[in-house]
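*Asks:* This is a predicted model, with the sequence first.
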Amino acid sequence: MTCVAPVVAVDIGGTKIALALVSEAGDLLAEQVVATATVPDPQAVWAPLAAALARLPLHPGEPYDVGIGTAGPINTPAGTVSPVNIPGWRDFPLVARVAEAVRSATGTPGEVVLAGDGHCIALGEHWLGAGRGLHTMVGMVISTGIGGGAVVDDQLFTGSTGNAVHVGHTSVNAWGERCVCGCHGCVEMYARGPALVTAARARGWSGTDGEQLTGSARAGDPVALAAIDHGMRAAAAGIAATATQLDIDTFVIGGGLAKAGAVVFEPLRRHLGDFAALPYVQGLELRPAELPNAGLLGAASLALSVTGRGPLRSRP
Ligand SMILES: [Zn+2]
């Protein structure tokens, strides 16, 4: 008999954790959202997640596979996570804990698959968003941070530890200042929302967040326009470097800042022309993301792939 059980998707961010029971068609059958604890206590972060998992309507005896997308870094071979913005979790054995929680709720083991949040956003857009119908693409987020992931021939390109295609921490300035990651001149230092806000404020703009900044830019404020232009030049350099390395011609871009639309995409595309120079990357296409919950759906896509369902090729 074909397995028709829905899957459990978990999307873990620095401010909230979302869980959902997701059907094979991508419908959210039940959803739970809890706040992410920011205290340095692993149990304080885990307990609300476990409680939310227990509130999902899981039927005893049915096998539920689980996909988890989380802020990184992660270690997929070890099943552990150490998200920079969740100080309570360092080498936290998330896969084992979730597997145990699902087994205790249903009495039946399910497989738990872990991926980075950027990877899950790529998977979500590949399945039901702007990457529908594409077999190979990069998904990216330009927001408080900058992340990404690649789907290659309908499989997630994980890399050895699950952190591949980390566009935000690709250096675009070898002489730049040191980044929080230890490298120098990373894309994220220049193109993340808070960096644009800081740059604009230093030149007299009085707003406080990225949404206000893109609003000011839309209204024609020259300082806001210049700050976005400067940041998107770094993002464009990072995108071109990634495309040049991977030879992938479609990037789907979402996240808080990218949601502002043309005011961000116009400078991004213009600067891209300066960096995507080799013939095979000159046709590089940047598409706005379509889904508000790509990370959660991407985690579901990953879970469905365990039993050969969903849009991904079965894993070997
Ligand atoms: Zn960095």
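*Replies:* Everything's here; your move.

*Asks:* secondary structure class for V33?
*Replies:* Secondary structure for V33, judged by DSSP: H, G, I helix; E, B strand; the rest coil, is strand.

*Asks:* What helix or strand is the nearest residue to it once chain neighbours are set aside located in?
*Replies:* The shortest distance from V33 to any non-neighbouring residue, by C-beta to C-beta, 6 or more residues apart in numbering, is to A18 (4.9 Å). Every residue, glycine included, has its C-beta placed from N, CA and C. In the assignment (DSSP states H and E), A18 maps to strand 16-22.

*Asks:* Buried residues, that strand. List them.
*Replies:* 17-22 (16 or more other C-beta atoms under 10 Å).

*Asks:* First-to-last residue distance for stretch 272-284?
*Replies:* Length of stretch 272-284, first residue to last, C-alpha to C-alpha, to the nearest Å: 9 Å.

*Asks:* Pull out the buried positions in it.
*Replies:* 272, 275-276, 281, 284.

*Asks:* Now it: average pLDDT?
*Replies:* For stretch 272-284, mean pLDDT is 97.

*Asks:* Now for A217, how many residues are close by?
*Replies:* 26 (other C-beta atoms under 10 Å).

*Asks:* where do the helices sit along the stretch 201-316 of the chain?
*Replies:* 210-218, 222-246, 262-275, 294-305 (DSSP state H, counting those that start in this stretch).

*Asks:* between those helices, which one is nearest to V84?
*Replies:* Comparing these against V84 with C-beta to C-beta, the closest turns out to be helix 294-305 (16.4 Å).

*Asks:* contacting residues around the residue in the stretch 201-316 of the chain positioned nearest to the ion?
*Replies:* Closest to the ion within the stretch 201-316 of the chain is G238: 10.7 Å, counting by C-beta to the ion. By C-beta atoms under 8 Å, 6 or more residues apart in numbering, the contact list for G238 reads 146, 167-168, 170, 172, 187, 191.

*Asks:* So which of those residues sit within helices?
*Replies:* Using DSSP state H, 187, 191 are the members of the contacts of G238 that sit in helices.

*Asks:* Now for the contacts of G238, which sits with the most neighbours around it?
*Replies:* For the contacts of G238, the largest neighbour count, defined by other C-beta under 10 Å, is 31 neighbours, found at I146.

*Asks:* Done for today, thanks.
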